[in-house]
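> sharing a model that was predicted from the sequence below.
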Amino acid sequence: MKSTALLVVLAIAAYLPAQSQGVKKYWVYFADKGPSIPSAGSLAKATASIRPATAYLSPRAIARRMKVLPPERLLEAEDLPLHSPYITAVSSTGGEFCRRSKWLNAASFLLTPDQRAAVQRLPFVNRVVPVVAFVGKYRLDESAPLPERLSKTTGLDYGQSLAQVTTINVPKLHEIGISGHNVLVGMLDNGFRWRVHESLKTRRVIAEHDFIFNDDTTANQPGDVSNQDQHGTLTFSTVGGYFGGKLIGPAYDAEFILGKTEDMRSETKAEEDNWAAGIEWMDSAGVDVVSSSLGYNDFDGGSVGDYTWANGSFDGRTTITAIAAVHAARVGIVVCDAMGNEGNGDGTIGTMLTPADADSIISVGAVNYSKILAGFSSTGPTNDARTKPDVVSPGVSVYCASTASASSYFSQNGTSLATPLAAGSAALMLSARPELTPIQVRDALRATAEPLTDVVNFPLSPNNFTGWGLVNAFSAALSFGPIFSNAPAVSVADTTSVVAINVVSKFGLNPASVKIHYAIGASSVYDSIPMTFDSTMFFQSSGRYKVVLPYETLGTIVKFYITASDSASQAYQSPAAALNTVWQLAYGTTDVRPFVVVPEKFALMQNYPNPFNPTTKITFDLARREHVSIIVYNVLGEKVVTLLDAVLDAGTATTRAPVVFDAANLPSGVYFYRIVTPSFIATKKMLLLR
């Protein structure tokens, strides 16, 4: 065991405490989700079975899935609850029900050998296999030195945490005004003393659940050991803590959901079914990012069936936690997991823990502030020869909250600390660009990372020691074009409303493209006026833009959004189109808030102008995110051109750029344009008149 490790390392044990009486915990896998209901595959919209699947997913979860799944597969059989009569039938054999997993279509039970045999004979049971049990080995490095105190670089006072956020280039995003807003971050750990600590009690925790005692208290409670909630407290504070002058995490303005899944009592076991149940629960709540500083491997000699690298278990498809992590990524969740603190390998045989072996997630290793790989940081490859880690973050002398008191802090080492820093960076990317998918986030973090190599041991990048390199949150967020501050600033000058916003692009903005589009009161007609470049930020013509809105009566409601494009012809808007909102203010006040503008139904509007020569614009309403095609036909029914063929977010015609039809090379006459989505088809006529 390595004293510098901070990760909760869990060793596989062959038996549960009750096994001396012949009782073991098993996964019972079912054949289906009920008679004639498959356990995998898409659910047809017209079937009655889709309703219970919908009931288990929040609107936020559905919206997140729309980024990665086609409309016909937003809900799948994996989302259906387990068939209750199956649970009852297994329990009737005498088995004690423990946990269920709808993704695995399995439930865990405590069974005797005779009960296991009886369960295996049930006609709806596919197989019965042991739940892999882990003995908790909780380790902290109390000797970790404090990071060097750096001078304050922005309006925020990071205190002792400045070193860790500066190393991954977070303060620049905070300076723009990107702080994790509108992102829901899930934490899977051993407990959280967040209600009392000064850096956490002001954070927006929307839900918490204890999967050990099955209640909603994730802090220590009767029956817990004294350090049960320590590890989760320090990881939570690393990603999202906030107390000026002491600690500010990358995603301090995010919302959080907390899952207590690991049992630190020496006389009990911490089991994989809690982790799987935790991430399924977070999916249902609509979580965007999951940060897990938990890993699993075997220290008991590697008996047959154990999870070990030698047994080929770390291929991303074998362990329960890896299977669950991959499924979470597939439904739109950015999963960040610690590589482990099992020491550097040779680059050929991996020392990593699971689920860091999972594909499509972000596996995180640790470096020090000199950008040198920490000696404790686990390395790849996976058993199927994929490069791991994906990226590295500071994991040595990371400043975080301590449970010693409500105002205590300390520094710790481990990939447990590197992981929430990477997860916070991912949350900042989604705060700036909510439409990004998990693969886009992962690939951008990889592509913009600072390569870290060693002339002797790992001279090339990427490699199985530092992956693609050191996280650069600022560069990753800028990968897709312009980014805006999370919200505009509204001020009042001589009874007029002034709107200002920060917008940045590494390619340089086209100042003339920065415009505010506004509508008065209940009107859906938006006028546009240019905004004025006010001050530079990071790149030429990037920075603060402002505009004085035309005078209105005090208190008049004004809806607005802001658009911009850069010299690389990449355009974006605030609020992001994926949020289906515009901004709203009361004229003559400083209050600004989002206003939802999702239409109730689909619609195709008449093109304008009409007649036209040679260009016209086509607009439409989308009631939800769908694949959209717009095709122009001539009077003979022949296709002239496909104007649009893409997946678009829900929104109204007034909040998205119109589709432009340029008929410069076509003769005068009547043309037809048709919109086709999985839910809507409409056709309208237009006249080209030269």
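Arrived safely. Keep in mind it's a predicted model, so treat the numbers as computed, not measured. Numbers count the residues shown, from 1 in each chain.
> where does the protein have low pLDDT?
Within the chain, the stretches with pLDDT under 70 are 1-21, 42-53, 71-72, 133-144, 146-154, 266-271, 298-306, 654-655.
> hey, which helix is longest across it?
Criterion DSSP state H: the longest helix present in the chain is helix 415-432.
> can you list the buried residues in the next helix or strand along the chain from it?
Going down the chain from helix 415-432, the next helix or strand is helix 438-448, by DSSP states H and E. Across helix 438-448, burial judged by 16 or more other C-beta atoms under 10 Å covers Pro438, Gln440, Val441, Arg442, Asp443, Ala444, Leu445, Arg446, Thr448. Bear in mind the C-beta positions are built from the backbone N, C-alpha and C, glycine included.
> need these in JSON lines (columns: distance to Leu460).
Output for the buried residues of helix 438-448, formatted as JSON lines (distance: C-beta to C-beta, whole Å):
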{"residue": "Pro438", "distance to Leu460": "26"}
{"residue": "Gln440", "distance to Leu460": "25"}
{"residue": "Val441", "distance to Leu460": "24"}
{"residue": "Arg442", "distance to Leu460": "20"}
{"residue": "Asp443", "distance to Leu460": "19"}
{"residue": "Ala444", "distance to Leu460": "21"}
{"residue": "Leu445", "distance to Leu460": "19"}
{"residue": "Arg446", "distance to Leu460": "15"}
{"residue": "Thr448", "distance to Leu460": "18"}
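> among these, which two are most distant?
Using C-beta to C-beta, those span at most 16.2 Å, a distance reached by Pro438 and Thr448.
> what sits against Gly95?
By C-beta atoms under 8 Å, 6 or more residues apart in numbering, Gly95 lies in contact with Val28, Phe109, Leu110, Leu111, Gln115, Val119.
> doesn't the last one lie inside a strand?
No. With DSSP: H, G, I helix; E, B strand; the rest coil as the criterion, Val119 is located in helix rather than a strand.
> how many residues are close by it?
Neighbourhood size, Val119 [other C-beta atoms under 10 Å]: 21.
> again, but for the fifth one
Other residues lying near Gln115 total 21 when counted by other C-beta under 10 Å.
> I'd say it and Gly94 touch.
Yes. Between Gln115 and Gly94 there is a contact under C-beta atoms under 8 Å: 5.1 Å.
> compute the inter-axis angle for the longest helix of the chain and helix 438-448.
Orientation note: helix 415-432 sits at an angle of 110 degrees relative to helix 438-448 (axes from the mean of the first three to the mean of the last three C-alpha atoms, to 10 degrees).
> put the alpha carbons of helix 415-432 into CSV.
The C-alpha coordinates for helix 415-432 follow below in CSV (Å, rounded to 0.1, in the frame of the first residue of the first chain):
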residue,chain,number,x,y,z
THR,A,415,-5.9,11.0,-8.1
SER,A,416,-9.0,11.6,-5.9
LEU,A,417,-8.1,15.3,-6.0
ALA,A,418,-7.0,15.4,-9.7
THR,A,419,-10.4,14.0,-10.7
PRO,A,420,-12.7,16.8,-9.4
LEU,A,421,-10.4,19.4,-10.9
ALA,A,422,-10.9,17.7,-14.3
ALA,A,423,-14.6,17.3,-13.7
GLY,A,424,-14.8,21.0,-12.8
SER,A,425,-13.2,21.8,-16.1
ALA,A,426,-15.7,19.7,-17.9
ALA,A,427,-18.5,21.5,-16.1
LEU,A,428,-17.1,24.8,-17.2
MET,A,429,-17.1,23.6,-20.8
LEU,A,430,-20.8,22.7,-20.5
SER,A,431,-21.6,25.9,-18.7
ALA,A,432,-20.2,27.8,-21.8
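> how far does it sit from the chain's center?
Centroid separation for helix 415-432 versus its chain: 9 Å, with C-alpha atoms, centre = their mean, to the nearest Å.
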